[in-house]
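A.B. asks: Dropping a prediction and its sequence here:
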Amino acid sequence: MPGGTDGGISGTAGGRSGTGGSGTDGSGTGGGGSIEAEVASQPECWLRAAGLAAEVAGILPARGERVAVAGCGTSWFIAQSYAAAREAAGHGETDAFAASEFPAGRRYDRILALSRSGTTTEILDLLARAGRTAPTVAITADRGSPVAAAADAVVALDFADERSVVQTRFATSELALLRAHLGEDLAPVAGAARRVLAAPLPAQMIEARQFTFLGTGWTCGLASEAALKLREAAGLWTEAYPAMEYRHGPIAVTGPGSVVWLFGPPPDGLAREIAATGGLVWQSEEEPMAELVRVHRLAAVAARARGLDPDRPRNLSRSVILDTARPG
Ligand code: F1P
């Protein structure tokens with residue numbers, strides 16, 4: 001992955017075009033709340049999580065197994081990234097599901113349940129239902145949680161737990177662990193995140209009214225997670241698609257005040273088409289998981305710029321615990 005640069009922003013809005021990520025976020029990486037500190041701690045958390053990979057290799061999916069991975073919200077998008085990365089690495093067929101949509105009747109060699117809180121109702125339901133059909137393993141921040149108790153095996157990343165309702169470092173740390181388990185070296189990825197943390201945020205990003213995130217392969221999940229982060233923390237209008245899907249309708253919402261954020265190289269001609277709408281193109285050359293850290297920073301800064309507290313997002317709680325009759 002090329003490193004050392006800060007990506008590029010181009011387009012027609014405000015006549016801006018070129019590279020460099022200049023501008024200012026108005027707050028630096030410090031900020032005042034939990035989310036800023038949690039975002040800034042990601043490089044260290046990733047290295048610590050990756051360092052656990054050998055220790056927990058026996059309970060994570062083995063090469064060749066047919067695997068299902070499930071979660072809700074952020075955990076679902078991390079599931080999507082891991083599933084695509086595992087298949088691309090040749091480790092075996094891997095399906096990702098929102099826990100509530102886990103299909104009855106499919107057979108897997110192992111089911112991986114992702115839940116920071118370990119209390120999410122849909123994950124508990126899934127473990128109760130599908131756990132009868134395959135060995136289950138949970139990755140959670142809380143080894144004493146109901147999800148940990150319901151799974152056959154547990155990986156507890158308690159050091160990456162968060163005070164903020166909005167997930168940042170827990171989600172990326174579990175992905176760092178899973179990527180390390182696939183044989184990836186996380187040291188350069190952590191280095192890329194340090195560069196992203198040190199770089200200023202372009203002012204146009206903070207002021208933008210709408211964001212569309214595009215990915216390919218394992219970065220489709222990251223694109224969806226990026227969009228969720230800005231929605232959760234800052235109440236922004238965001239969307240996310242596989243890059244080649246963008247022309248099939250989503251381009252219609254792009255215009256002045258939009259940012260189209262590409263995780264990885266764009267399909268041929270796409271950057272030009274986006275620029276023609278009047279929207280800005282953000283095309284980073286950084287490693288994609290490090291690029292997600294830039295979105296985390298933006299989420300906190302954009303929230304505060306709009307008078308919101310990114311640690312206490314509107315209408316959200318740390319986990320969704322339902323007390324109504326459960327499906328299935
Ligand atoms: C999943 C989740 C979060 C979301 C919100 C509600 O929680 O959907 O991703 O931000 O706080 O809960 P978990 O099962 O990973 O704890």
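C.D. replies: Received the coordinates, thanks. Given the structure is predicted, the values throughout are model-derived calculations rather than measurements.
A.B. asks: Count the residues that sit near Asp142.
C.D. replies: Asp142 has 19 neighbours, counted by other Cβ atoms under 10 Å. C-beta: built from backbone N, CA, C; applies to glycine.
A.B. asks: do Asp185 as well
C.D. replies: If we define neighbours as other Cβ under 10 Å, then Asp185 has 10 of them.
A.B. asks: Let me see the confidence value for the residue nearest to Glu174 when sequence neighbours are not counted.
C.D. replies: Of all residues not flanking Glu174 in the chain, Ile139 sits nearest, at 5.0 Å (Cβ to Cβ, 6 or more residues apart in numbering). For Ile139, the pLDDT comes out at 98.
A.B. asks: Show me where the protein dips below the pLDDT cut-off.
C.D. replies: Scanning the chain for pLDDT under 70 picks out 1-32, 324-328.
A.B. asks: quick one, helices of it?
C.D. replies: Assigned by DSSP state H, the helices in the chain fall at 34-40, 42-51, 53-56, 74-88, 121-130, 146-150, 169-181, 187-198, 203-207, 219-234, 270-276, 288-305.
A.B. asks: list the buried ones in the third one?
C.D. replies: Residues of helix 53-56 classed as buried: Ala53, Val56 (neighbour count, 16 or more other Cβ atoms under 10 Å).
A.B. asks: re the thing from before, what sits against the residue nearest to Glu174?
C.D. replies: By Cβ atoms under 8 Å, 6 or more residues apart in numbering, the contact list for Ile139 reads Leu112, Ala113, Leu114, Ser115, Val154, Val155, Leu157, Glu174, Leu177, Leu178.
A.B. asks: Among the residues you listed, which ones are in strands?
C.D. replies: Within the contacts of Ile139, residues falling in strands by DSSP state E are Leu112, Ala113, Leu114, Val154, Val155.
A.B. asks: Can you sort out which of those also neighbour the ligand?
C.D. replies: Among those, not one lies near the ligand by Cβ under 6 Å from any ligand atom.
A.B. asks: Compare those and tell me which has the most neighbours.
C.D. replies: Going by other Cβ under 10 Å, Ala113 tops these with 32 neighbours.
A.B. asks: count of neighbours near the nearest residue to it once chain neighbours are set aside?
C.D. replies: Among residues not flanking Ala113 along the chain, Ala138 sits closest, at 4.6 Å (Cβ to Cβ, 6+ apart). Using other Cβ under 10 Å, Ala138 is surrounded by 27 other residues.
A.B. asks: residues contacting Ala138?
C.D. replies: Neighbouring residues of Ala138 by Cβ under 8 Å, 6+ apart: 112-115, 118, 123, 127, 147-148, 150-151, 153-155.
A.B. asks: how much space is there between the residue of the stretch 201-328 of the chain found nearest the ligand and Leu214?
C.D. replies: Among all residues of the stretch 201-328 of the chain, Ser319 sits closest to the ligand, at 4.2 Å; criterion: Cβ to the nearest ligand atom. Distance, Ser319 to Leu214, by Cβ to Cβ, to the nearest Å: 29 Å.
A.B. asks: Pro288 now?
C.D. replies: Counting by Cβ to Cβ, the gap from Pro288 to Leu214 is 11 Å.
A.B. asks: residues shared between the contacts of the two?
C.D. replies: By Cβ under 8 Å, 6+ apart, Pro288 and Leu214 have these common neighbours: Phe263.
A.B. asks: re earlier: nearest to the ligand among the contacts of Ala138?
C.D. replies: The shortest gap between the ligand and any of the contacts of Ala138 belongs to Ser115, at 3.4 Å (Cβ to the nearest ligand atom).
A.B. asks: Please verify my assumption that the closest one contacts Thr140.
C.D. replies: Yes - Ser115 is within contact range of Thr140, at 5.3 Å (criterion: Cβ atoms under 8 Å).
A.B. asks: Which neighbours do the two have in common?
C.D. replies: With Cβ under 8 Å, 6+ apart as the test, Ser115 and Thr140 both reach Val147.
A.B. asks: Looking at these two, which is more packed in?
C.D. replies: Between Ser115 and Thr140, Ser115 has the larger neighbour count (other Cβ under 10 Å), namely 32 against 29.
A.B. asks: Give the bridge partners for Ala240, please.
C.D. replies: With DSSP bridges as the criterion, Ala240 is bridged to Phe213.
A.B. asks: Could you give the number of residues near it?
C.D. replies: Neighbour tally, Ala240, other Cβ under 10 Å: 24.
A.B. asks: Hmm, Ala227 and it touching each other?
C.D. replies: Yes - counting by Cβ under 8 Å, Ala227 is a contact partner of Ala240 at 3.9 Å.
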